[in-house]
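Chemist: Sharing a model that was predicted from the sequence below.
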Amino acid sequence: MNEDSMYKMKQVRDSGRGSFARYRKLTYGDLSLGKVIWAELLVTMIGGLPGAAGLFLRSRLYRTFFGAIGNNVIFGRNIVFRHPEKIRLGDNVILDDNCVIDAKGESSKGIAIGNGVYIGRNTIVYCKNGDIEIGDSVNISSNCQIFSSNSLRIGKDTVIGAYSYFLSGGEYNYKDETPFAQQSGMGTRGPLTIGTDCWIGARVTILDAADVGDRCVIGAGAVVNRPLPSHSVAAGVPARVIKTEL
């Protein structure tokens with residue numbers, strides 16, 4: 001069970017309210033009841049609507065429940081938004097089919113997605129009381145996971161290959177005798193920053209606090225568990241620098 005699932009289960013168990021109140025808190029946070037009902041109607045009626053009609057209606061009607069939203073935002077089919085009042089979208093953002101954008105948290109700022117960002121099909125961008133900032137013109141391929149219980153920043157013009165996993169926070173304390181399944185999974189060694197103009201191959205894992213400098217290239221399948229300097233080529237498990245000064 002991943003960090004997100006355990007967090008959601010804990011919220012549901014800890015709440016003494018009815019099922020709708022718990023669902024509303026988990027999915028919409030502090031969004032007003034009127035906006036919750038409006039969002040539910042929209043998702044039910046047009047969330048999966050195919051073709052040009054679906055794209056047009058979602059681009060017009062979904063605008064009403066985000067914290068901020070720019071122009072010409074395109075929403076694919078069956079996208080899941082949680083705590084949309086803490087999601088900020090720039091101009092010309094494209095969110096492909098089946099994405100999850102989840103900004104849940106009690107004290108965090110949430111998720112900020114810059115201008116011209118593309119987020120591929122089935123990709124999950126989610127917080128557990130953390131913050132995520134995605135810079136302008138970032139391209140995130142399909143089936144990626146971007147998670148933060150601390151702070152995660154991706155610099156502008158960076159390209160991320162399919163099935164990659166970035167993790168800011170989400171650590172457990174193996175010295176604590178508490179069973180792992182009962183821990184919060186919110187331990188962290190510090191923020192995670194991905195520099196500008198990086199090329200990150202498919203199935204790359206970048207772990208908590210393993211910062212990546214500007215204009216780095218990371219080979220497919222690498223596991224980055226320590227900081228990488230700018231202008232580096234790195235590959236392997238764990239990732240090692242094999243060339244610098246690109």
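Modeler: Structure received. Numbers count the residues shown, from 1 in each chain.
Chemist: now the residue nearest to the spatial centre of the chain, nearest residue through space, not along the chain?
Modeler: Geometric centre of the chain, nearest residue: residue 125, 1.7 Å, by C-alpha atoms, centre = their mean. Closest residue to residue 125 apart from its sequence neighbours, by C-beta to C-beta, 6 or more residues apart in numbering: residue 146 at 4.6 Å. All C-beta atoms are positioned from the backbone trio N, CA, C, and that covers glycine.
Chemist: bridging residues for that neighbour?
Modeler: residue 125, residue 166 (DSSP bridges).
Chemist: That one is in contact with residue 166, isn't it?
Modeler: Yes: in this structure residue 146 lies within contact range of residue 166 using C-beta atoms under 8 Å: 4.9 Å.
Chemist: Can you check which residues contact both of these two?
Modeler: Taking C-beta atoms under 8 Å, 6 or more residues apart in numbering as the contact rule, residue 146 and residue 166 both touch 152, 154.
Chemist: Just the element for residue 27, please.
Modeler: Under the criterion of DSSP states H and E, residue 27 resides in helix 19-28.
Chemist: Show me what that helix packs onto, helices and strands only.
Modeler: Helix 19-28 is packed against helix 3-14, helix 33-46, strand 80-82, with contacts defined by 3 or more C-beta pairs under 8 Å, 6 or more residues apart in numbering; DSSP states H and E.
Chemist: pLDDT of the shortest one, averaged?
Modeler: Think strand 80-82. Mean pLDDT, strand 80-82: 95.
Chemist: Neighbouring strands - and their directions - for it?
Modeler: Strand pairing (DSSP bridges) places strand 80-82 next to strand 100-102 (parallel).
Chemist: Now do the strand it pairs with: everything it contacts.
Modeler: Contacts for strand 100-102 (C-beta under 8 Å, 6+ apart): 4, 79-83, 87, 95, 111, 113, 119, 123-127.
Chemist: next one: stretch 225-236
Modeler: Stretch 225-236 is contacted by residues 195, 207, 209-219, 222-224, 238-246 when judged by C-beta under 8 Å, 6+ apart.
Chemist: Lowest-scoring secondary structure element of the chain by mean pLDDT?
Modeler: helix 3-14 (a mean of 51; mean pLDDT, DSSP states H and E).
Chemist: Tally up the residues packed near the nearest residue to residue 73 once chain neighbours are set aside, please.
Modeler: Once flanking residues are discounted, residue 73 sits nearest to residue 93: 4.8 Å by C-beta to C-beta, 6+ apart. Residue 93 has 21 neighbours, counted by other C-beta atoms under 10 Å.
Chemist: any idea how far residue 93 lies from residue 136?
Modeler: Going from residue 93 to residue 136 by C-beta to C-beta, to the nearest Å gives 10 Å.
Chemist: Overlap in contacts, the two.
Modeler: 115-117.
Chemist: Just give me the closest of these to residue 159.
Modeler: residue 117 (11.5 Å; C-beta to C-beta).
Chemist: Test my guess that that closest one contacts residue 91.
Modeler: No: in this structure residue 117 lies outside contact range of residue 91 using C-beta under 8 Å: 9.7 Å.
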